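Asker: Sequence plus the predicted model coming up.
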Amino acid sequence: MDAITAEGLVKIYKSRKNEVRALDGVDLTVPEGTVLGLLGPNGAGKTTAVRILATLLKPDSGRATIAGFDLARQPDDIRRVIGLSGQYAAVDENLTGSENLWLFGRLYQLSSAEATRRATELLEQFDLVDAADRVVKTYSGGMRRRLDLGSALIGRPRLLFLDEPTTGLDPRSRIGMWDVIRGLVAEGVTLLLTTQYLEEADELADRIVVIDHGKIIAGGTADELKSAVGGERIEVVAHDRDAIPRAKEILSRDCAGDVTVDEHTRRLTAPTSAGAGALVQVVRDFDEAGIRIDDIALRRPTLDDVFLALTGHAAEEETLTDEASTRSAA
Amino acid sequence: MTARTTSAPSGSVGSAVTDGILVGWRNLKRIPRIPELAIFAILQSIMFVLLFVFVFGGAINVPGDYTSFLMPGIFAQTIVFAAGTTAIGMTDDINKGIVDRFRSLPMSRSAVLTGRTFSDVIYNAGILVVLMLTGFVVGWRVDDIPSLIAGFALLLFFAYGMVWLGVWLGLNVPTVEVGQQVIFTVLFPITFISNVFVPLESLPEWLQPIAEWNPTSTLTAALREMWGNGAPPPTNSLASTEPALVTIVWVLVFIVVFGPLGVRRYRSMSR
């Protein structure tokens, strides 16, 4: 069964000056027990999609079912089976960790005893026992984020929405968060995760949907997306700028497609279908021609390559302009 | 695994009351954690007392003692500013994502607003008690205990009306900073174009009817009359002869106007 189905979701934010189509006909399907990664730069429409699916925002058109319930007609039923953890930690910084969890548990309609029991469990699960009776404003960013995730889990939701769960976290907290999320998925929770980190979608998601300017521009597993962009590449960094033309010549002879050259970093990239064999050949030819190289590697395309190939721009490029429009729209 | 719901579903009256109490509990729990807010609310009122008793008081002619005349007005002014506290609390909860958290939970839709209004009335009751004790120290007296209780109840009822104004304001301003500016602009005239600090007769004639019907004035006049705190002789206007009644009508108007407006604005957050 599908935990989420959405068809033709449209959301338009109007302001006096212009009209922003935050979502422009988005279709999504998330089978139960799987992880969908919604990947896109800031302002792509990820948060709008999550807010709509989590009943916080009404779409201008389109329909969706969440856990079998109709989004337009049964929002109360949906709220009983979902958990939401937002971009900013939506916990009360003037309550303690355990007070936050107890409150949200009670408002999830658990009895007081059950809310207390569940709060204790979650504090243990997220390694917050020592901080349980401290007010949240004394917490670190990682602790807040874990508490926020714990709050989303208070009612044991079948379906979890995580909107940029690791944005702003340091690398160590990020990896810790990934472990926590993997643990939840192992328990069978269906997860819709938004992220602007390509690596994060690659690490956590079964399927990835790439979204840009409110439209879905690609979808599939990480591997499918990568192979859509092409196979492996050989990447060479020449030691001397003068050697670039000769290096380019060798690469076009040994590899299958066009060679791209970045003069500034002296990096040459060429697609190949021959794998390690081609790499050996290239090394040999460079040696013979007496071209000194700083680095050479055979690499699979990253999701950065995917994004570049699909949108014609890198994933982080639009951050500044689009963020401003999202803010004013919200 | 699905969570079992152990109490009333989110549509029921039982859940609306329980959830409202829970949200109110949360608001009250925060007060001692941010003591600056309550302390400065009290200090601001005490500052007004001191400023007007010692700086302007000598220049203002009132029947009887100026401190007695001033204190009911100070209580009324404090309660008008309750709208500001509520508005800022509301805006802050929206911007910090707490309201989104509440809206994603299977709880009563009305609880966020009812919880806010009830907890803010209780908060203002606390502020009033401290101010009344301060007033007692500087020489303010009332005729008897029943009239004190009646006046206190009228102040809290007034607070409930102001809190609904605050909810509506808080839902309509984008940030706490803008909220503070709006409150300053809206609430200061309401408290100053009144009988709080000066007798109405000292105002220009064209302004007197406005000031006389101002809810802050009718509340203040009602309190002065109840407590025997230098009430000026009534004029022939209803606001002056029946100030308590007019105040109650004012509060009902506030609730009937800003209650539905606030609820509608809250509902439209999903648009």
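Answerer: Thanks, I have it.

Asker: in chain B, which ranges drop under the pLDDT threshold?
Answerer: Applying pLDDT under 70 to chain B flags residues B:1-11.

Asker: How about it: which residue is closest to chain A?
Answerer: For chain B, the residue closest to chain A is residue B:97, as judged by C-beta to the nearest C-beta, at 3.4 Å. Just so you know, the C-beta spots here come from the backbone N, C-alpha and C atoms, and that holds for glycine as well.

Asker: Residue A:85 is in contact with that residue, correct?
Answerer: No. Using C-beta atoms under 8 Å, residue B:97 makes no contact with residue A:85, being 10.1 Å away.

Asker: how far out from the middle of the chain is stretch B:181-200?
Answerer: Between the centre of stretch B:181-200 and the centre of its chain there are 13 Å (C-alpha atoms, centre = their mean, to the nearest Å).

Asker: Pull out the buried residues from it.
Answerer: In terms of neighbour count (16 or more other C-beta atoms under 10 Å in any protein chain shown), stretch B:181-200 has its buried residues at B:182-183, B:187, B:190-191, B:194-198, B:200.

Asker: before we move on, what about stretch B:226-233?
Answerer: Residues B:226-227, B:229-232 are the ones in stretch B:226-233 that count as buried (16+ other C-beta under 10 Å).

Asker: what does that stretch contact?
Answerer: With contact meaning C-beta atoms under 8 Å, 6 or more residues apart in numbering or on different chains, stretch B:226-233 is reached by B:62-65, B:68-69, B:71-72, B:140, B:142-143, B:147-148, B:150-151, B:154, B:195, B:199-201, B:221, B:223-225, B:244.

Asker: Buried ones only from the residues you listed, please, as a ChimeraX command.
Answerer: This is how ChimeraX selects the buried members of the contacts of stretch B:226-233, with burial counted by 16+ other C-beta under 10 Å:
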select /B:62,65,68,69,71,72,140,142,148,150,151,154,195,200,221,223,224,225,244
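
Asker: I'd like the list of the contacts of stretch B:226-233 that fall within helices, please.
Answerer: Residues of the contacts of stretch B:226-233 located in helices (DSSP state H): B:68-69, B:71-72, B:147-148, B:150-151, B:154, B:221, B:223-225, B:244.

Asker: Looking at those residues, spot the one nearest residue B:56.
Answerer: residue B:69 (11.9 Å; C-beta to C-beta).

Asker: my read: that closest one touches residue B:62, true?
Answerer: Yes. Using C-beta under 8 Å, residue B:69 is in contact with residue B:62, at 4.4 Å.

Asker: ok, back up a step: and the ones in helices among the contacts of stretch B:226-233 near chain A, which?
Answerer: Contacts with chain A within these, counted by C-beta under 8 Å from any C-beta of the partner chain: none were found.

Asker: follow-up on the earlier one: between residue B:97 and residue A:85, which is the more surrounded one?
Answerer: Neighbours were counted for residue B:97 and for residue A:85 using other C-beta atoms under 10 Å in any protein chain shown; residue A:85 has more, 27 against 17.

Asker: which ones are touching the more buried one?
Answerer: A:145, A:148-149, A:151-152, A:160-163, A:165.

Asker: now swap in residue B:270 and tell me
Answerer: Neighbour list for residue B:270: A:55-58, B:103 [criterion: C-beta under 8 Å, 6+ apart].

Asker: Export those to TSV and append columns for secondary structure and distance to residue A:139.
Answerer: TSV is the format used below for those (DSSP: H, G, I helix; E, B strand; the rest coil; distance: C-beta to C-beta, whole Å):
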residue	secondary structure	distance to residue A:139
A:55	coil	28
A:56	coil	24
A:57	coil	28
A:58	coil	33
B:103	helix	23
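
Asker: Looking at those residues, which is nearest residue B:268?
Answerer: Of all the contacts of residue B:270, residue B:268 sits closest to residue A:58, with 9.6 Å by C-beta to C-beta.

Asker: And that closest one, how far from chain B?
Answerer: As judged by C-beta to the nearest C-beta, to the nearest Å, residue A:58 and chain B stand 5 Å apart.

Asker: and if you look at residue A:149?
Answerer: For residue A:149, the distance to chain B equals 12 Å [C-beta to the nearest C-beta].

Asker: Hmm, residue A:180 and that residue touching each other?
Answerer: Yes. If you go by C-beta under 8 Å, residue A:149 and residue A:180 touch, sitting 6.7 Å apart.

Asker: any chance you could map the strands in chain A?
Answerer: Shown for chain A, the strands assigned by DSSP state E span residues A:2-14, A:19-31, A:35-39, A:61-66, A:69-70, A:82-85, A:159-163, A:190-195, A:207-212, A:215-220, A:233-238, A:260-262, A:267-271, A:293-299.

Asker: Turn these into CSV, columns for distance to residue B:129 and mean pLDDT.
Answerer: Below are these laid out as CSV (distance: least, C-beta to C-beta, whole Å; pLDDT from 0 to 100):
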stretch, distance to residue B:129, mean pLDDT
strand A:2-14, 46, 93
strand A:19-31, 49, 92
strand A:35-39, 52, 94
strand A:61-66, 48, 96
strand A:69-70, 48, 96
strand A:82-85, 40, 93
strand A:159-163, 43, 94
strand A:190-195, 49, 94
strand A:207-212, 55, 92
strand A:215-220, 59, 90
strand A:233-238, 74, 89
strand A:260-262, 72, 85
strand A:267-271, 73, 87
strand A:293-299, 71, 88
